[in-house]
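**Q** A structural model of the following input is requested.
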Amino acid sequence: MRTLFLAWQAPTDRAWFPVGRLDADTERSLYRFCYTQGVIGAKKLGFHPIASFPTLGESYQSSELFPMFKNRILGSQRRDFAGYLASLGLDTPDPIEILAVSGGERQTDSFEVFPKIEKEADGSFRCRFFLHGLNHMSELAQARAQHLMPGEPLGVSLELNNPKYGLAIQLTSQDYEFIGWTPRYLVTDILKSITKAHDISAAIIKVNTDGVPLNRRVLVEMKGMLPVDYEPMTDNIFLPLANLANRSGQ
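**A** Got it, this is the predicted structure:
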């Protein structure tokens with residue numbers, strides 16, 4: 001069973017909230033969706049239930065990937081599907097892996113998909129994502145990013161006063177060119193990893209050509225170690241909303 005979260009961006013202050021959770025077992029054709037407690041804060045800024053998931057406290061189950069997620073993947077019948085898959089650094093059309101790497105962003109709504117970070121038995125974790133914010137970088141930074149090579153290490157540093165999010169994680173080339181950020185959803189867990197000296201690293205997996213949108217241009221893999229007593233993505237905002245309702249009813 002693999003887990004993806006669905007995030008929603010508020011139209012006013014552009015804040016992001018994890019509002020849903022998808023648990024998927026593709027081998028058994030089992031998919032479950034529920035809202036998370038992050039929806040509580042999102043509702044205050046205008047979030048409404050998704051039409052295909054109308055009841056906030058409900059748990060939904062299907063033998064097929066829900067259209068809400070399936071429609072965020074390029075159809076395998078498309079002639080450019082092979083190139084699309086290659087741009088994600090994938091060689092098999094696993095829909096969950098595609099969503100985990102691509103983010104499932106669409107121009108028609110304010111949702112984004114991201115994977116749950118899994119902590120291994122030895123405390124390690126790894127994740128892949130596309131470099132964020134490249135479209136906001138200077139032409140010099142964009143040009144430098146385009147010349148990054150697979151396997152090339154990146155610098156990882158904490159930004160304390162990001163104008164949009166407060167805390168953010170910056171990524172730089174080895175010649176100290178600031179090229180962008182990690183995704184927002186990784187910040188809390190990376191901070192936990194950074195507290196363990198020398199146990200965080202990032203490297204280039206793939207750099208796509210100019211024909212690929214900037215938000216899918218530079219694919220990065222990050223590795224790190226987490227404290228023994230820490231489990232990633234277990235804050236209340238990531239927990240099922242039904243858990244809160246059940247406790248309230250006791």
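**Q** partners of residue 125 in the sheet?
**A** residue 224 (DSSP bridges).
**Q** report pLDDT for the most centrally placed residue in the chain.
**A** The centroid of the chain falls nearest to residue 114 when counting by CA atoms, centre = their mean (2.9 Å). If you check residue 114, the pLDDT there is 94.
**Q** do residue 165 as well
**A** Looking at residue 165, its pLDDT reads 75.
**Q** could you list the low-pLDDT ranges of the chain?
**A** Along the chain, the parts satisfying pLDDT under 70 run over 195-198, 245-250.
**Q** what are the boundaries of the strands in it?
**A** Along the chain, the stretches classed as strands by DSSP state E are 2-9, 16-25, 30-35, 59-62, 111-115, 124-130, 153-162, 166-172, 178-181, 200-207, 218-225.
**Q** chain center to the fourth one: distance?
**A** With CA atoms, centre = their mean, to the nearest Å as the basis, the distance from the averaged C-alpha position of strand 59-62 to the chain average is 22 Å.
**Q** tell me which strands it pairs with, and in which orientation.
**A** strand 30-35 (antiparallel).
**Q** what comes up buried for the strand it pairs with?
**A** Within strand 30-35, the residues scored as buried using 16 or more other CB atoms under 10 Å are 31-35. For the C-beta atoms, the positions are set from N, CA and C on the backbone; glycine is no exception.
**Q** just give the closest residue to residue 140, not the sequence neighbours.
**A** Spatial nearest neighbour of residue 140, chain neighbours left out: residue 177 (7.4 Å); criterion: CB to CB, 6 or more residues apart in numbering.
**Q** and that neighbour, backbone torsions?
**A** phi -90, psi 120 (degrees, to the nearest 10).
**Q** if I look at it, how far off is residue 152?
**A** Remark: distance between residue 177 and residue 152 (CB to CB, to the nearest Å) = 12 Å.
**Q** those two: who's more crowded?
**A** The neighbour comparison of residue 177 against residue 152 (other CB atoms under 10 Å) goes to residue 177, with 18 against 14.
**Q** and that one, what does it touch?
**A** Neighbouring residues of residue 177 by CB atoms under 8 Å, 6 or more residues apart in numbering: 140-141, 144.
**Q** and what of residue 183?
**A** Residue 183 sits in contact with 103, 114, 129, 132, where contact means CB under 8 Å, 6+ apart.
**Q** cutoff 10 Å now
**A** By CB atoms under 10 Å, 6 or more residues apart in numbering, the contact set of residue 183 is 7, 16, 103, 112, 114, 127, 129-133, 169, 190, 220, 222.
**Q** so what's the residue count around residue 67?
**A** Using other CB under 10 Å, the number of residues around residue 67 comes to 10.
**Q** excluding chain neighbours, give the residue nearest to it in space.
**A** Using CB to CB, 6+ apart, the closest residue to residue 67 is residue 52 (6.4 Å).
**Q** residue 94 now?
**A** Nearest non-adjacent residue to residue 94, counting by CB to CB, 6+ apart: residue 26, 6.7 Å away.
**Q** correct me, but the one you found touches residue 98?
**A** No - between residue 26 and residue 98 there is no contact under CB atoms under 10 Å: 11.4 Å.
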